[in-house]
Every structure is written in structure tokens, then in C-alpha cells.
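Trainee: I'd like to go over a predicted model; first the sequence, then the structure.
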Amino acid sequence: MKNDFQVIIIGCGVVGAAIARELSKFKIKIAVLEKEADVSFGTSKANSGIIHGGFHSLQGSLKAKFVVPGNRKYDRLCEELEFPFERRGELMVAFDEDELRILQIYYKRGLDNKVPYMEILGRERVLEMEPNLSPDILGALYAPTAGIICPYEYCFALIGNARENGAELLLNQKVSWIGKNNNSRFVVETEAGNSFTADCIVNAAGLYADEIAQHMRITDFKIVPRKGEEYLLDRRVGTLIKRVVFPCPSSNSKGMLVIPTIDGPVMVGPTAIDTENKTDYSTTREGLKEVFQQAQRMVPGVRISDIITSFVGLRPAAVGNDGDFIIGKTDVQGFINAAGIQSPGLTASPAIAEHIREVITKEGVKMELKSNFDPHRKTVCTKIRHLLEKRDFEQYGKIVDKNKAYSKLVCRCENVTEAEIIAAIRDGHTTLDGIKFATRAGTGRCQAGFCTSRVMEIIHRETGIPFDKITKKGKGSEIAPYPIKKGNGN
Ligand SMILES: Cc1cc2nc3c(=O)[nH]c(=O)nc-3n(C[C@H](O)[C@H](O)[C@H](O)COP(=O)(O)OP(=O)(O)OC[C@H]3O[C@@H](n4cnc5c(N)ncnc54)[C@H](O)[C@@H]3O)c2cc1C
């Protein structure tokens, strides 16, 4: 039956996508139901992109259990799925004697969590490694295994490979009801009017995981968003630091960080403010001030005038569980939680996925490995900006000879070509945000001022979607909510 599955995963952020990819290694029918028009539109699109070393998490917690094994899996994942990942290392810096003592606490915590190759570094060594750090720093805890990625590229790669291996992704499917039928199988209904059946449900619904669990009368946790404001700086600042730089943390956050992003620009943030509102994505004057005060203390060269954009991410923090992850079986046979996955959830996601697969097996779903599972992603598009950065014009010329659309620049700030936009559309990204996350078109200095109409023209041409139905991020976010004739898009 078309809508009948062994496992339904609710939510396609990094956690749902990692689980889908893990399960796609086995001979089972899997569906991922996502409420948005594209994947990674929840918390997974708005975070710091750090693959943490693992010294922050308290021993005995689920965070600690999954963070180091998660980190370790990234080399192989990056090789198989071809998303950018660099082990740059992270430094937690100390400014006084008290903070030097805090470094020792986290060093010990790191040892408990089996974080490899950590060192406590003195002032000179720190400044030798990162000359643009404040000369007032007295020392740092260094974890060289920490890395940086682009979180949505990682999510796209996971779900893309899962789909290549047979998993189904169903977008615009907001789960509105879950129950059990007479055969004790799950029935899942969506607002779009569809009904699905499954033996097993994995709840990976991020901020809404508590509401999904409540359908099964599971009420022992509540998700309270913890808001984080982040600020992206101009590429000019890109060379200021190579490694992720943290202050000594507070009780509910790692503090404001200065983060080199995988695509070049530096990011600063995030704040950590609890809020009852699951849709509050507003940045604030106070947040900006707090972020820059702390960031400038560590890296005096970061300037507010360098900001090109800002965003907010909401951590799905679970209350009633000491803020730890909520992962595993529940009192309802076959209903499994992957909930409350706040930071370091991105880092932990590949290890969480393996664990969920074990739980599903224990819940009675028969898992037989596929002989034809292909771990390598097929739909990887050449990113022209990487060739231009390396000034590899010979290779660029060869690519253009094969496909002229690689010679047409659509986004001038980030050097994104028409061929890349077309590839993203054919890969299923049909909103402006989806294409932005897949290609970087619109993320640069002009913030899509130049390329929006060009991208709309290509979406229209490739998909036939009328101009007035093209959206930023799904229904309700139409860019030009009135009919426009073809050709007026430019
Ligand atoms: C500011 C900030 C910085 C962070 N930095 C880091 C970092 O550097 N490193 C790190 O390891 N972690 C970091 N994190 C944490 C990390 O981003 C999260 O742990 C991770 O993204 C959670 O992924 P998820 O898949 O559980 O949730 P989400 O990405 O939110 O995915 C849940 C999905 O479920 C969908 N959904 C919800 N309800 C329904 C429904 N009813 N029906 C269908 N679909 C539904 C949503 O649309 C969403 O796509 C950070 C978080 C924040 C906010």
C-alpha cells in the first residue's frame, strides 16, 4: 500500500535526516514527514555549525554519550556524502585565575567524555595560533577535533542519500493526529489531508516534539525554546580567526562564540534566552550588544559595522529532563522519541541515528541489511565558487565546455551560477530559501538584492510555478503575491 510504512520519522532536521539515512541501509519502508516546504527549515538551519569536541557535556548525560561518537563519524560522512567539513579545533579562553581553574574543570570533563588530543595552552601558544585574539587572554583549553560544517548542506546530503537508497520524503505534511488502529498499528494524519500507517514512529519534531508526543498521551516533557541570536560578518573579517573561540561558559549556555564558518565569513553569537514563543525569530538590540561585548573581548577586531545579516535559532530545550536529550523508547510500544535535541545536537546527530536504529530493532522491526545500499551521494553539484577561490580556471573552463549554464553568474556576491540553481531545483528545492541554503545564492553582501528576480525566473522556467506562487519558504511567504507575466521577473 502506498501510504503504509514500517517506520515513519516525523521531522526532517538533522536528526530526522540522519535517522532516515541510517535506516535506509536496511530493507524496510521508511517515510519522513516534514511540515515545511523543504528540509532543515527548523532549528537545523539556524545554528553555529560547530562539530563540538565534546568537553562541554556533563558525564552521564545523553549529550555526553552521543557527542564524541557523533564527532568521530564526521570524517567518513563527509567523504561519503561530500559536504564541506573541516576539523579546525576549538579554544575555550580564560581571562583570569578563576577562569583558568574553569579550564581545568572542562579539561577533566573532556577526559571523562574521552575527548582526544585536548591540551591546556598558555598565553603565548594561544596567541601564536590565533594572533588576533585579545592579548589579555591568559590561556585556553584546546580541542583540535572540533570541526565546522554548513548544517543545512549536511542535512540535504543526509536526506538526499537516504532518498537515493529508497526512503521517501514527504514535504508540506504537518502531522495533526496520531492514533492506533485495530491492528495496533500507528495511523498518522496530516493537515494536508493524508493518512499514513506504520509499525513504528520516530518523533524528531524539534520544537514541536512535545506536541507530537502528546498525541500518544506522553506528557512527561515540555519543550521550551531557548533563543539564540547570531550575527554574520562580512567576508573581510574571515581571516581574523581560524578556530572556534569560546569564553568560559555560563550555567545555561556556552557563551558568545566567535565562529569561522565553512564558507568563509565569521559569525558571532549565540545568545541564550528562554522563551515561551516557538515562533519568535526576532533579533534584539540587547542581544546584539551582549554578543558583541563578549565577542570583542575575545577578538577585538570584530566590529558591529561588519554585520551583513543576523538570524535567530531556537534550541528545542526539554524541561522536565534537566535539559538533556530525550532519546529512546516510550511507554507506547513502537513510539520512539528523538526529542529535546538542543546543542550539541548537530554534533551528536549521526550517533543518535545509530542508537535510534538499535531501539527500533528492539521494538520489533526486523532489520535486514540491503546488499545494494550506496553510501555515496550521487547528486553532488560542482560549486563554482570553490574553483574561483582557488583560481582553477582550467577546471572551470572544462566544466563550462560541458554545460554553458556554469558560465552564467546568478549571485555575484557568492559566485553562484545558473547551473547550480538548476541542480538545486532538480534536487527538490523550489523555494528561495531552499535554493539559498542549497547554493548560497543570496547569502552574500547584497543579501539577495541582485539575484532574487533571476532565481525566480529560473524557478518559473524549470518548474512552471507561476511567479505569484513562488515563495520564500513555503505557502504564506509569496514574494510577489500578485500575477506577474513571464519576463517581468527581471
Ligand atoms: C543558536 C543555535 C546554535 C546552535 N549551535 C550548535 C552547534 O554549533 N553545534 C551543535 O552540535 N548544535 C548546535 N545547536 C543545536 C542544533 O542546531 C540542534 O540540536 C539540531 O538542529 C536539532 O535538530 P532536530 O532535527 O532535532 O530539530 P529541527 O531541525 O528543528 O527539526 C525538526 C523538524 O520537525 C519538523 N516538524 C515539527 N513539527 C512537525 C509536525 N507536526 N509535522 C511534521 N514535521 C514537523 C520541523 O519543521 C523541523 O523541520 C544550536 C542550536 C541553536 C538554536
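Mentor: Here it is on my side, so go on.

Trainee: quick one, helices of the stretch 251-400 of the chain?
Mentor: 285-298, 345-362, 384-389, 393-402 (DSSP state H, counting those that start in this stretch).

Trainee: one more: the stretch 51-200 of the chain?
Mentor: 62-72, 74-81, 97-112, 123-129, 151-164.

Trainee: out of these, which gets nearest to the ligand?
Mentor: helix 151-164 (6.5 Å; Cβ to the nearest ligand atom). From N, CA and C alone the C-beta is placed, and that goes for glycine too.

Trainee: returning to that earlier point: please identify the deepest-packed of the helices of the stretch 51-200 of the chain.
Mentor: Most buried of the helices of the stretch 51-200 of the chain by mean neighbour count (mean count of other Cβ atoms under 10 Å) is helix 151-164; its value is a mean of 25.

Trainee: that one - what's its average pLDDT?
Mentor: Per-region confidence: helix 151-164 scores 96 on mean pLDDT.

Trainee: just checking, what packs against it?
Mentor: Using 3 or more Cβ pairs under 8 Å, 6 or more residues apart in numbering; DSSP states H and E as the contact test, the elements touching helix 151-164 are helix 14-23, strand 30-33, helix 74-81, strand 168-170, helix 432-439.

Trainee: repeat the analysis, applying 7 Å as the threshold.
Mentor: Contacts defined by 3 or more Cβ pairs under 7 Å, 6 or more residues apart in numbering; DSSP states H and E place helix 151-164 against helix 14-23, helix 74-81.

Trainee: tell me where the stretch 201-350 of the chain has strands.
Mentor: For the stretch 201-350 of the chain, applying DSSP state E, counting those that start in this stretch gives strands covering 222-233, 244-246, 257-260, 266-269, 273-274, 307-319, 326-329, 335-339.

Trainee: what's the spacing between stretch 281-298 and its chain's center?
Mentor: Distance of stretch 281-298 from the chain centroid (Cα atoms, centre = their mean, to the nearest Å) equals 22 Å.

Trainee: okay, that stretch in PDB with CA atoms only?
Mentor: Extracted C-alpha coordinates of stretch 281-298, given in PDB (Å, rounded to 0.1, in the frame of the first residue of the first chain):
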ATOM      1  CA  TYR A 281      12.700  34.700  15.400                       C
ATOM      2  CA  SER A 282      13.200  38.400  16.200                       C
ATOM      3  CA  THR A 283      16.700  39.800  16.900                       C
ATOM      4  CA  THR A 284      17.000  42.400  19.600                       C
ATOM      5  CA  ARG A 285      19.200  45.400  20.400                       C
ATOM      6  CA  GLU A 286      20.100  43.800  23.800                       C
ATOM      7  CA  GLY A 287      21.100  40.600  22.000                       C
ATOM      8  CA  LEU A 288      23.300  42.500  19.600                       C
ATOM      9  CA  LYS A 289      25.000  44.300  22.500                       C
ATOM     10  CA  GLU A 290      25.600  41.200  24.500                       C
ATOM     11  CA  VAL A 291      27.000  39.300  21.600                       C
ATOM     12  CA  PHE A 292      29.400  42.000  20.500                       C
ATOM     13  CA  GLN A 293      30.600  42.800  24.100                       C
ATOM     14  CA  GLN A 294      31.700  39.200  24.600                       C
ATOM     15  CA  ALA A 295      33.000  38.600  21.100                       C
ATOM     16  CA  GLN A 296      35.100  41.800  21.100                       C
ATOM     17  CA  ARG A 297      36.500  40.900  24.400                       C
ATOM     18  CA  MET A 298      38.000  37.800  22.800                       C
END
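
Trainee: so that stretch, near the ligand or not?
Mentor: No. Judged by Cβ under 6 Å from any ligand atom, stretch 281-298 makes no contact with the ligand; its nearest approach is 10.6 Å.

Trainee: same check on stretch 13-20?
Mentor: Yes. Applying Cβ under 6 Å from any ligand atom, one finds stretch 13-20 touching the ligand at Gly13, Val14, Val15, Gly16.
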